[in-house]
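> I would like the atomic coordinates for the input below:
(chains A and B)
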Number of protein chains: 2
Amino acid sequence: MNSIVPDMQLSKRLFTELAAPYEHQTGITRDAYGPGEQRAHELFVASAKALGLEIHQDAASNHFALCRGLDDTLPAWLVGSHLDSVPQGGNYDGAAGVVAGLAAIAGLLAAGITPQRDIIVAAFRAEESTWFPTSYLGSRSALGQLQAEELTVPRADSGRPLSDHMRDCGGDPDAVAAGHSWLGQRALCGMLELHIEQGSTLEIENLPIAIVTSIAGSFRYRQARCFGEWGHSGAVAKEHRHDALMAFCELTLALEREWSTLETEGQRATVTIGQIATPPAQHAFSKIPGEVGFCLDVRSESPEILTYLEQFLFGNAERIERERGVRFDLGPRTASTPAPMSTVLTDRCQMLASGLDIPHRLLPSGAGHDAATFSKAGIPTQLLFVRNQNGSHNPNEAMQLKDFAEGVRLLAALIQE
Amino acid sequence: MNSIVPDMQLSKRLFTELAAPYEHQTGITRDAYGPGEQRAHELFVASAKALGLEIHQDAASNHFALCRGLDDTLPAWLVGSHLDSVPQGGNYDGAAGVVAGLAAIAGLLAAGITPQRDIIVAAFRAEESTWFPTSYLGSRSALGQLQAEELTVPRADSGRPLSDHMRDCGGDPDAVAAGHSWLGQRALCGMLELHIEQGSTLEIENLPIAIVTSIAGSFRYRQARCFGEWGHSGAVAKEHRHDALMAFCELTLALEREWSTLETEGQRATVTIGQIATPPAQHAFSKIPGEVGFCLDVRSESPEILTYLEQFLFGNAERIERERGVRFDLGPRTASTPAPMSTVLTDRCQMLASGLDIPHRLLPSGAGHDAATFSKAGIPTQLLFVRNQNGSHNPNEAMQLKDFAEGVRLLAALIQE
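Numbers count the residues shown, from 1 in each chain, chains lettered A, B, ... in the order given. From the prediction side, this is the model:
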């Protein structure tokens, strides 16, 4: 098999320029629909233009770079990922998939190959739900799926609605609300997303690439609270306390224990409480906490396990409420269903990777990705993982360019056909 | 026995005026060495002057009202408490003991009685260590015990040092650092503090008054942290996680369980974690917490139980560090030793209360009080509890004036002798 040589000079330059604004900061903060993400989109547009690609901006200010194929009546390939990051995150989560699309096309063009089909490289907005508490804002708006009310959701740090932030970045929220979609006008033969693994399986098993079988679903409570009774830390006897924090700790450890039990039974899930705080205006070192706020994120590839764990959560919260005289208010719920990858594409990737001598394995994804949006829309979708170091969503996130190059080789082999 | 009738009109007026500035706020916030406490001191000074008492202000801006007795060569009685409160606390924690002193003297004067000895009513500063992380700032400075370095400690909310706040309130921090003490020039026959119970024992047993036997000691870690490893909430497998929050929950519940065990063995203690937070600049709903900050407050009347629980804390923190790959940094430690009350005064109080038909019981104090400062200085000290409702250090704190009147009757009987 002829292997396309990815443009690694371009890749290296793009990763360097993406990271440059954060040289003197802790980690990378490309804020969704904010200056951080916007700079990355401007870099994408300039780089794609330099490759001679056509640029399209949709109503949500997602950007697309079109490489014309030989037959524009054929459904096109879509290759891409997101350019935002979590606060103080890493340089590769999201951006690697966008750079991969450009590096693959640059490799094709350098080899003098005009692909059979149109290839669209997508740079999506706002995948990290840290900023706006909704999943896949950018990719869903690209398919015209965003609901009008979602445009009113405030950004976690600024408190300003998505519509305002979108307008700041050149978007047209009214058109988004009306369902306008540039991408929706195109027939797609498949969506391909390259992404760092974010976990440590490939690193531990010494493999550069994984071909993903499914993306986990989830349920989330982002504004959960436990209410107890404020009291003096020295004066209230144990049997008269209603300590909100102790109740929270009991619920948390019950969930962790149940998760352990499921793992020993061969079931996969993750349980994470990413944020917790006693209310600063009321708490004190010498007060029994009468309130604690927290968020909960539970994920699994199995809808049954998600249902089971949520029922376990409810049951234990009720038990702890009775036993401790506290009250849990889990607040608004968000959820996503698991998204399977295309078995046709998964098989094809395995065959191509073997032909290209790229060591690989199959792996499910515990994290959500824009690819899930396309899987759910019925478009054949394939997610590829590249080995990375030190996890993700943290400043120490790392990726070796030689591993990235293997992923882009596989991607290029897929889209040149 | 002739019973002095406390001046309940004065008491009612003072409690009302103390609460007035907070009518449209949640709870009472008399900030230590800030405007809230300062207003209360000004009210105390004005009210004492109206009773014809002599006012003295010491270097730390504690205030004293002197009622001259028949024989000024005799050691004087000291009666008092503090005027600050926790943020969003109640109106009686502290202030009741100051009002009680004035109400008792007003009762004596109204009955035409000149007491045998001088009586000094004290309004101390900064007893609540929420503001400055040090115990009994006001009463210790009244005895010239404050160390120069303690004057540099920043107030939790403002970040400004104690010395600045003290100067704002008319104090002279240099004189405090040099050990100047107005009160230290006086021989004292005893220190008496009336205080709301803050717990629910008197309420449950339907008694207005308790005569305290001892004040609990404590150890505190106000800036403890647990460090784990930040990671993606969906992508890191259970066995590769180092979740700082889960580790914290395990340590917390281990302490709570050990406390339960001690109680079933008849030992008394309290274990409270009043504040907790994942770091807002780094945490996210979709990140495994790599850090959590918290504070710990453990109290007991028994030095042995304090030592036992602190060793238990260390042992369990080390075990959890090993098992979970996390690290606890407990940070600076503060501690106080238990302070026994004067058995002579305790016996005398019991006898007088019986003679005055005041239902009462003996009770240890889990909370710290200014009385502990005087006990530790070798001055015969007696703390009296008045029944209260809804605990303390919270906006719902309550006290019935008829219960307060019983406490002041007992106080007046003691000091008129």
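> only C-alpha atoms for contact and neighbour calcs from this point on.
Noted.
> where along chain A do the helices fall?
A:8-19, A:35-50, A:95-110, A:137-142, A:162-168, A:173-177, A:201-205, A:244-264, A:303-324, A:343-355, A:371-376, A:401-416 (DSSP state H).
> From the contact counts, what lies against the fourth one?
Contacts defined by 3 or more CA pairs under 8 Å, 6 or more residues apart in numbering or on different chains; DSSP states H and E place helix A:137-142 against strand A:119-124.
> Could you list the paired strands of the strand it packs on along with their orientation?
strand A:63-67 (antiparallel), strand A:76-82 (parallel) (DSSP bridges).
> could you check the angle helix A:95-110 makes with it?
160 degrees (axes from the mean of the first three to the mean of the last three CA atoms, to 10 degrees).
> Helix or strand, whichever it is, which one in chain A has the lowest mean pLDDT?
Sorted by mean pLDDT, DSSP states H and E, the helices and strands of chain A end with strand A:231-232, the least confident at a mean of 86.
> got the contact list for it?
With CA atoms under 8 Å, 6 or more residues apart in numbering or on different chains as the test, strand A:231-232 has contacts from A:241, A:286-290, B:198-199, B:367, B:390-394.
> rewinding a little: now, of the strands paired with strand A:119-124, which is deepest in the fold?
Counting by mean count of other CA atoms under 10 Å in any protein chain shown, strand A:76-82 has the highest mean neighbour count of the strands paired with strand A:119-124, with a mean of 27.
> can I get the CA coordinates of that strand in CSV?
What follows is strand A:76-82 as a C-alpha-only set of coordinates in CSV (Å, rounded to 0.1, in the frame of the first residue of the first chain):
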residue,chain,number,x,y,z
ALA,A,76,-17.8,13.9,1.1
TRP,A,77,-15.5,12.9,3.9
LEU,A,78,-15.7,15.0,7.0
VAL,A,79,-12.5,15.1,9.1
GLY,A,80,-12.2,17.3,12.2
SER,A,81,-12.5,18.0,15.9
HIS,A,82,-12.7,21.0,18.2
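> Run the chain-centre distance for stretch A:184-198.
13 Å (CA atoms, centre = their mean, to the nearest Å).
> do it and chain B meet at all?
Yes. Using CA under 8 Å from any CA of the partner chain, stretch A:184-198 reaches chain B at A:197-198.
> Now do the end-to-end distance for that stretch.
Terminal residues of stretch A:184-198 lie 30 Å apart, using CA to CA, to the nearest Å.
> Give the buried residues for that stretch.
For stretch A:184-198, a neighbour-count test (16 or more other CA atoms under 10 Å in any protein chain shown) marks A:188, A:190-198 as buried.
> quick one: which of the residues you listed is nearest to B:Ile211?
Checking the buried residues of stretch A:184-198 against B:Ile211 by CA to CA gives A:Gln198 as the nearest, at 61.9 Å.
> Would you check how far apart the closest one and A:Thr337 are?
From A:Gln198 across to A:Thr337, the span is 20 Å (CA to CA).
> Same check on A:Asn390?
Noted for A:Asn390: a distance of 28 Å to A:Thr337, by CA to CA.
> again, but for A:Gly315
From A:Gly315 across to A:Thr337, the span is 22 Å (CA to CA).
> More neighbours: those two, which one.
Neighbours per residue, other CA atoms under 10 Å in any protein chain shown: of A:Gly315 and A:Thr337, the larger number sits with A:Thr337, 18 against 12.
> And for the more buried one, nearest residue in space, chain neighbours not counted?
Leaving aside its chain neighbours, A:Thr337 sits nearest to A:Gly217 (4.3 Å; criterion: CA to CA, 6 or more residues apart in numbering or on different chains).
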